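Asker: Got a predicted model here, sequence first, then my questions.
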Amino acid sequence: MTTEQINILIADPLSEDGIFPLRQETELNLNVVVDTGLTPEQLIEKIGDFHVLLVRSQTTVTPEVIKAAKNLKLIGRAGVGVDNIDLQAATEHGIIVVNAPDGNTNSAAEHTIAMMTSLARYIPQAYNSLKNGKWDRKSYVGVELKNKTLGVVGFGRIGVEVAFRAKGQRMQVLAYDPFLTDERAKELGVTKATVDEICEAADFITVHTPLLPETRNLINKEKFAMMKDGVRIINCARGGIINEDDLYDAVTEGKVAGAALDVFVEEPATDNKLLTLPQVIATPHLGASTIEAQESVAVDVSNDIIKFFKTGTVTNPVNMPSIPKELLAQVEPFFELAEKLGTFVTQLTVEPIKEINLFYAGDVANYDVRPLTSNALKGLLSKNHGNHVNDVNARYLTERIGVKINEHKTTTAKGFTSLLTLEIKTANEVHSVAGTLLNGLGARIVKVEDYVVDVIPEGHLLYIRNTDKPGAIGRVATKLAEKDINIATMQVGRAQVGGKAVMMLSVDNQVTDEDLAFVAELTNIDEVKALTL
Ligand SMILES: NC(=O)C1=CN([C@@H]2O[C@H](COP(=O)(O)OP(=O)(O)OC[C@H]3O[C@@H](n4cnc5c(N)ncnc54)[C@H](O)[C@@H]3O)[C@@H](O)[C@H]2O)C=CC1
Ligand SMILES: O=C(O)C(=O)COP(=O)(O)O
C-alpha cells in the first residue's frame, strides 16, 4: 500500500459523480482539491504542491505552468481535445498526459446534429424572433436535410457517429480522413472523398478533426471559393480549423448560407465578430456538456489516475504509446531487464553516445518492442538525468540530444528463448551487453562485450577487463580483501585461452572507480569499472 499523499488539483468543473473513483479510493492516499477558475498566475503559484492536474478545455496548461509544477506526474484531460495542454513541455518534463477519448463522443455527435438541424430550420433565429413578440413565418423558410450531401472532414469517433445519424436523416455522406480506407468507407456506408471534393459537392460541411498545425485553417478562403453557393458550415470540433475571418467574409458575401459554431479561436468568445451575423448560430462550447458525457469522461480519467499510481501504466495516454493489454502481458516481464541493460551499458563509457542499437532476438521479437526500447533508454539516460527520465520522455530526450536509435529483430536467439542486446556507439568506442529472462530465475546478463557471463543485474558490480594469465583472478581477490571490499559473487569469461578476458564481481557495498584505482594497477588488468544497477 502506498501511503505517500498524492495531491490532485481539479482546475475545471468536473462531474462530482464522475470523480467518485477518486473519492472512494482507499489503497492510495489521495487528496483531491477542487479549485476552478484560477487565473494563469494563480495556477502557476499553486501547481507546485500537486502531483496531478485535472482539466477540461478552460484551463490552459502552458510551459510556464509545467515549469512551476515541480511535483507533477500526470495531467488528466476529462475530454478529448488536448490543444489547451502544451504536450511538448509535458513530455520534456516527463509528465504523462491522459485524456478520456470515448466518453463524450455521443454527446458531441448529437450536438452536431442538433446544430445542423437548427441551422437548416433557423430554429435559434425563429425562437428569438418569437420571444421578441414577432410571428414571422416568412423569414425562416428552411431547407430539408433529406437527400442533401453532408461532407464530414475528420472521420474519427465523432465524425463516424455524425455520419450514422446523418444517414438516419437520409443524407448522403462524403467523408475525408487521412486514415479512411475504401473498405471502411464502404462498411460504414459513406463515400470517401478529398477535402476539395467535399467542398465542391457538399450542401453541409462539418469538421471533426483535432486542432493541429495541419488542420489549423483547413477550411479557408480558397476552400470557401470551391463550395456551392448556399453551403452551410458546422464546427463542433475546435475553433481555428475553419478560418474565422474567411468564414465571416464568406457569410457576408452570401456564399455561405449559415454557420453553426460551438467552438471559437478565442474562448470565452463573447466578443467574436461572427456572432454579430444573423446567419451564424452558436453555443458556448457545449458539445460535451451532458450529464452522461461529463460523468463518463470524469470516471475514465479518474480511473486512469488510480491505475497510474498503482501500476505505472494508463489506458489513455496522449504523449506516450499506449500498450494494449495483450502486448503488455508479453513484454512487461522484460521491462526491468531492458532498463538494467541500459543502466549497465551506459556506465561502460564516459564518451557521449552517438548511436544506440537494440537487438531483439527470439520470442520477444514477435512483439511490438517499442515499450522495451523506452525502458532501455530510461536506463541509459538515468546516469545523466536521474529520475527525471521516464517512459514518457525517454525516447524524446534521447532523440533531442541527437542520438540515433535503431531497433533490430531476429527470431534466432543463440539458445535463449529471448535475448535482448544493447549496443552503444560513441565517437571512439562500441560497447554492448546482452540479457535474458531465465525461467523461474529472473533476469540475467549473459554477455558483456564479447564475453559470455552469467550475472544477476542488481546491486554493485565490478567490471574488470584483464588478460587471461594465471594469477590475475587471485591478485584481484586479494587486493579487494585488503581494502575490505567483500565479494558476493564472481564470474569470469574469456574469448579465448590466454586472450582478453573479463571478470564480473558483485560486491556488498558501493565503490567508485577511484576506490578501485589500485586494482587497475595490478599486472594483466586492463580496465576496472564500478557499476551500480
Ligand atoms: N465541442 C466539444 O465540446 C467537443 C469537441 N471535440 C473535438 O472534436 C474533435 C474530434 O474528436 P474525436 O472524433 O473524438 O477524435 P478522433 O481522434 O477520434 O478523430 C479525429 C480524426 O481526425 C482525423 N484527422 C487528423 N488530421 C486530419 C486532417 N488533416 N484532415 C482530416 N482529418 C484529420 C484523424 O485521423 C482522426 O480520425 C477534437 O478536436 C475534439 O477536441 C470533442 C468532444 C467534444
Ligand atoms: O472533449 C473535448 O475535446 C471538448 O471540447 C470538450 O470540452 P469541455 O470538456 O466541455 O471543456
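Answerer: Received, thanks. Ligands and ions are numbered 1, 2, ... in the order given.

Asker: all contacts plus neighbour counts: C-alpha atoms, from now on.
Answerer: Noted.

Asker: helix/strand/coil for the spatially most central residue of the chain?
Answerer: Central residue of the chain (Cα atoms, centre = their mean): N319, 1.8 Å from the mean position. Three-state call for N319 (DSSP: H, G, I helix; E, B strand; the rest coil): coil.

Asker: need the contact list for the spatially closest residue to it that is not a sequence neighbour.
Answerer: Closest residue in space to N319, ignoring its immediate chain neighbours: V97 at 5.9 Å, by Cα to Cα, 6 or more residues apart in numbering. By Cα atoms under 8 Å, 6 or more residues apart in numbering, the contact list for V97 reads L74, I75, G76, R77, L87, A90, P317, V318, N319.

Asker: can you redo those residues as a markdown table with distance to ligand 1 and pLDDT?
Answerer: Formatted as a markdown table, the contacts of V97 follow (distance: Cα to the nearest ligand atom, whole Å; pLDDT from 0 to 100):
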| residue | distance to ligand 1 | pLDDT |
| --- | --- | --- |
| L74 | 19 | 97 |
| I75 | 16 | 98 |
| G76 | 14 | 98 |
| R77 | 11 | 98 |
| L87 | 14 | 94 |
| A90 | 18 | 95 |
| P317 | 13 | 89 |
| V318 | 11 | 92 |
| N319 | 14 | 89 |
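
Asker: Buried only: go through those for me.
Answerer: Buried by 16 or more other Cα atoms under 10 Å: L74, I75, G76, R77, L87, A90, P317, V318, N319, out of these.

Asker: Can you pull out the low-pLDDT segments for the stretch 351-500 of the chain?
Answerer: Along the stretch 351-500 of the chain, segments meeting pLDDT under 70 are nowhere present.

Asker: list the contacts for the residue in it positioned nearest to ligand 1?
Answerer: The nearest approach of the stretch 351-500 of the chain to ligand 1 comes at V392, 20.1 Å away (Cα to the nearest ligand atom). For V392, the contacting residues are T91, G94, I95, I96, N319, M320, by Cα under 8 Å, 6+ apart.

Asker: Can you give me the distance of the second one to R395?
Answerer: Going from G94 to R395 by Cα to Cα, to the nearest Å gives 11 Å.

Asker: Need the overlap of contacts for these two.
Answerer: Here G94 and R395 share no contacting residue, scored by Cα under 8 Å, 6+ apart.

Asker: I figured the residue nearest to the centre of the chain hits T91, correct?
Answerer: Yes: under the criterion of Cα atoms under 8 Å, N319 makes contact with T91 at 6.5 Å.

Asker: Ends of stretch 346-361, what's the gap?
Answerer: By Cα to Cα, one end of stretch 346-361 lies 21 Å from the other end.

Asker: wait, what's in contact with N29?
Answerer: Listed by Cα under 8 Å, 6+ apart, the contact set of N29 reads T2, T3, E4, Q5, I6.

Asker: Where does L72 fall, secondary structure wise?
Answerer: In the assignment (DSSP states H and E), L72 maps to no helix and no strand.

Asker: ignore the last one, N375
Answerer: When elements are assigned from DSSP H and E, N375 belongs to helix 370-385.

Asker: Can you give the contact residues for stretch 410-424?
Answerer: Residues beyond stretch 410-424 that count as contacts (Cα under 8 Å, 6+ apart) turn out to be 338, 341-342, 345-346, 353-366, 430-437.

Asker: Please repeat the previous calculation with a cut-off of 7 Å.
Answerer: 341, 353, 355-365, 430-436 (Cα atoms under 7 Å, 6 or more residues apart in numbering).

Asker: mind listing what's buried in that stretch?
Answerer: So stretch 410-424, judged by 16+ other Cα under 10 Å, has buried residues A413, F416, T417, S418, L419, L420, T421, L422, E423, I424.

Asker: Can you classify the first one as helix, strand or coil?
Answerer: In other words, A413. The local conformation at A413, judged by three-state DSSP, is coil.

Asker: if we can go back for a sec, looking at the contacts of V392, which has the most residues close by?
Answerer: Within the contacts of V392, most neighbours by other Cα atoms under 10 Å means I95, with 28 neighbours.

Asker: residues near the residue of the stretch 401-533 of the chain found nearest ligand 2, how many?
Answerer: Proximity to ligand 2, evaluated over the stretch 401-533 of the chain using Cα to the nearest ligand atom, is greatest for I401 at 33.0 Å. A total of 11 residues lie near I401 under the criterion other Cα under 10 Å.

Asker: what's the residue of the stretch 201-350 of the chain found nearest ligand 2 in contact with, if anything?
Answerer: Residue nearest to ligand 2 within the stretch 201-350 of the chain (Cα to the nearest ligand atom): A288, separated by 4.7 Å. Neighbouring residues of A288 by Cα under 7 Å, 6+ apart: N104, S107, A108, Q294.

Asker: Can you check those and name whichever has the most neighbours?
Answerer: Neighbour max across the contacts of A288 (other Cα under 10 Å) = A108, 27 neighbours.

Asker: Could I get the full set of strands for the stretch 251-400 of the chain?
Answerer: Along the stretch 251-400 of the chain, counting by DSSP state E, counting those that start in this stretch, strands occupy 256-261, 280-282, 353-362.

Asker: Flag every residue of the chain that's near ligand 2.
Answerer: R56, S57, Q58, A78, G79, V80, G81, A288, S289 (Cα under 6 Å from any ligand atom).
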